[in-house]
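Enquirer: have a look; sequence and predicted model below, questions after that.
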Amino acid sequence: MATLELRWKLHSTTSVMLITNVTDLDKVELERIHDGSFPFPDLTDTIAKECVIDNGILVGMGIVRLTTEGILIIDRTLTTPTKVRAIRRLIEDLSLRAKVLGVKDCHVFIKEDRMHKFLTEIGFRDCFGRAMVIDL
């Protein structure tokens, strides 16, 4: 199996979609079929990554990566300056703790435009797409 084409051709007689580990050769083809609507993912920071091949054709790839979620519960009856100071302090401290564990990013889910504005001002950025979850 010296080339990607040969590897795919070896599986082309089956009628079942095959799941295989992602190889460096697959990465080239995956970058070709990637539509560019989001940055091509870093394949080194995953806990699982697999390709699906159908009739000798690379159809796609799936990745599972650990994601960290940040949750804040703040007393809404307090003054805005107190809440802002508390949020900043919590984010500072929790960010340091997460970095020690090797966490690269943290996702938050917000309901209010003013919280979006505040979090953007302190370094958060928008993600691509809409957030969804599946219970495993």
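Expert: Ah, there it is. All figures in this text were calculated on a predicted structure; none of them were measured in a lab.

Enquirer: need the next SSE after the longest helix seen in the chain, C-terminal direction.
Expert: In the chain, with assignment by DSSP state H, the single longest helix is helix 80-100. Toward the C-terminus, helix 80-100 is succeeded by helix 113-121 as the next helix or strand (DSSP states H and E).

Enquirer: list the buried residues in that next one.
Expert: 118-119 (16 or more other Cβ atoms under 10 Å). The way it works is simple: take the backbone N, C-alpha and C, and place the C-beta from them, glycine included.

Enquirer: if we can go back for a sec, what's the angle between the longest helix of the chain and helix 113-121?
Expert: Angle, helix 80-100 to helix 113-121, by axes from the mean of the first three to the mean of the last three Cα atoms, to 10 degrees: 50 degrees.

Enquirer: what's helix 80-100 in contact with?
Expert: Contacts with helix 80-100, where a contact means Cβ atoms under 8 Å, 6 or more residues apart in numbering, come from 68, 70, 72, 74-76, 78, 106, 118, 122.

Enquirer: now do the buried residues in that helix.
Expert: Within helix 80-100, the residues that count as buried by 16+ other Cβ under 10 Å are 83, 87, 91, 94.

Enquirer: need the max-distance pair from the contacts of helix 80-100.
Expert: Thr68 and Leu78 (26.5 Å; Cβ to Cβ).

Enquirer: avg pLDDT for the longest helix of the chain?
Expert: Mean pLDDT, computed over helix 80-100, is 96.

Enquirer: that one: how far from the chain's middle?
Expert: On the basis of Cα atoms, centre = their mean, to the nearest Å, helix 80-100 sits 23 Å off its chain's mean C-alpha point.

Enquirer: stretch 118-132 too?
Expert: 13 Å.

Enquirer: one more: stretch 64-76?
Expert: 15 Å.

Enquirer: then stretch 95-107?
Expert: 14 Å.

Enquirer: which stretches of this structure have low pLDDT?
Expert: Scanning the chain for pLDDT under 70 picks out 1-15.

Enquirer: show me how the record splits it into domains.
Expert: 4-64, 67-136 (automatic domain parsing).

Enquirer: deepest of those domains, which one?
Expert: domain 4-64 (a mean of 13; mean count of other Cβ atoms under 10 Å).
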